[in-house]
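A.B. asks: Provided below for reference: sequence and predicted model.
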Amino acid sequence: MSGRFMDKVALIVGGAEGMGGATSERLAAEGARVWVIDRAGDAAEARAASIREAGGHARAVAADATDEAAMAAAVAAAVAAEGRIDVLVAIAGGSRAGRVADLPASEWDRLYRLNVTATATACRLVLPAMRAAGGGAIVTMSSISGLRGDPGWGAYNAAKAAVISLTQTLAWEEGRHGIRVNAVCPGPIASARMLASLDDPGFAARYDAACAIGRMGRPEEVAAAIAFLASDEAGFVSGAHLVVDGGLTARTGQPV
Ligand SMILES: NC(=O)c1ccc[n+]([C@@H]2O[C@H](COP(=O)([O-])OP(=O)(O)OC[C@H]3O[C@@H](n4cnc5c(N)ncnc54)[C@H](O)[C@@H]3O)[C@@H](O)[C@H]2O)c1
């Protein structure tokens with residue numbers, strides 16, 4: 001094992017499957033000591049085991065990102081075992097379709113809590129360890145849905161926009177502590193969950209066609225962007241949101 005994360009400690013919240021799983025694998029392949037934190041405990045264990053089988057370092061913790069006590073325990077366990085945290089990637093999140101006219105307040109609260117409050121909480125919990133070590137890197141998970149209006153996804157769009165604002169604010173609040181904070185904004189990524197959510201098979205083809213390069217993205221392609229932002233190579237990148245969408249938002253008009 002060698003690479004940009006040699007012996008660095010990386011916590012991946014939502015690190016079992018999809019883009020989170022790919023990020024866990026990528027950082028571990030580049031030498032990180034990865035903590036796979038996920039509400040799907042079995043999937044997290046399986047991801048950590050597959051990393052170890054490939055010669056990497058990984059441990060799994062079952063915790064829901066919206067459960068502050070469980071997240072605090074997970075972070076405390078990592079600090080106790082490793083003595084430091086160098087990287088946090090906060091990927092856990094989720095969406096639900098619904099027009100603003102139809103979505104009840106309870107769904108706004110749920111999606112905000114899952115995408116925004118849980119991300120802010122994970123960041124808050126790792127800051128003491130990062131400050132004590134003199135720095136660190138945080139990558140949050142926004143979406144191209146957070147960059148513009150997307151009819152039918154009101155609460156999700158607003159929550160992912162808030163993740164960008166949170167990222168910008170944290171970058172300034174923690175920059176003098178040596179902590180960089182950046183977001184990724186993926187376009188359509190063919191994770192297993194995303195593909196399963198497409199009730200109309202025609203949607204996959206429409207997503208493919210909406211991207212300038214003619215296909216949806218792969219989780220590994222977002223993991224590569226996250227790895228860059230989390231690495232020392234991005235030493236002067238903070239408060240940014242990196243669009244990883246195959247060119248989807250580079251055009252005007254009706255994309256999907
Ligand atoms: N797939 C896409 O097209 C796409 C595009 C832009 C942004 N996103 C965002 O990317 C993130 C990951 O999406 P995905 O499609 O790769 O995979 P996904 O839905 O499979 O989620 C990745 C991992 O997060 C875990 N997770 C979900 N909710 C959690 C919670 N409350 N606590 C702990 N773990 C939790 C899942 O168990 C899974 O292992 C989400 O925040 C999503 O909103 C997805």
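C.D. replies: All right, it came through fine.
A.B. asks: wait, what's in contact with the residue nearest the centre of the chain?
C.D. replies: A centroid search over the chain (CA atoms, centre = their mean) returns Ile91, at 2.4 Å, as the residue closest to the centre. Ile91 sits next to Ile12, Val13, Gly14, Gly15, Gly18, Met19, Gly20, Thr23, Met141 when contact means CB atoms under 8 Å, 6 or more residues apart in numbering. Quick note: C-beta positions are derived from backbone N, CA and C, even for glycine.
A.B. asks: and those near the ligand, which?
C.D. replies: Gly14, Gly18, Met19, Gly20, Met141 (CB under 6 Å from any ligand atom).
A.B. asks: how about the strands in the stretch 101-250 of the chain?
C.D. replies: Taking DSSP state E, counting those that start in this stretch as the test, the strands found in the stretch 101-250 of the chain are 136-141, 179-186, 241-244.
A.B. asks: name the helices or strands packed onto the first one?
C.D. replies: Yep, that's strand 136-141 we're talking about. strand 87-90, helix 118-133, helix 154-174, strand 179-186, helix 219-230 (3 or more CB pairs under 8 Å, 6 or more residues apart in numbering; DSSP states H and E).
A.B. asks: quick check: mean pLDDT of the longest one?
C.D. replies: Which is helix 154-174. For helix 154-174, the mean pLDDT works out to 98.
A.B. asks: dihedrals phi and psi, the residue of the chain most remote from its centre?
C.D. replies: The C-alpha centroid of the chain is most remote from Ala101, which lies 28.8 Å away (CA atoms, centre = their mean). Here is the backbone geometry of Ala101 (degrees, to the nearest 10): phi -70, psi -20.
A.B. asks: quick one: closest of the strands of the stretch 101-250 of the chain to Ala81.
C.D. replies: With CB to CB as the measure, strand 136-141 is the member of the strands of the stretch 101-250 of the chain nearest Ala81 (16.8 Å).
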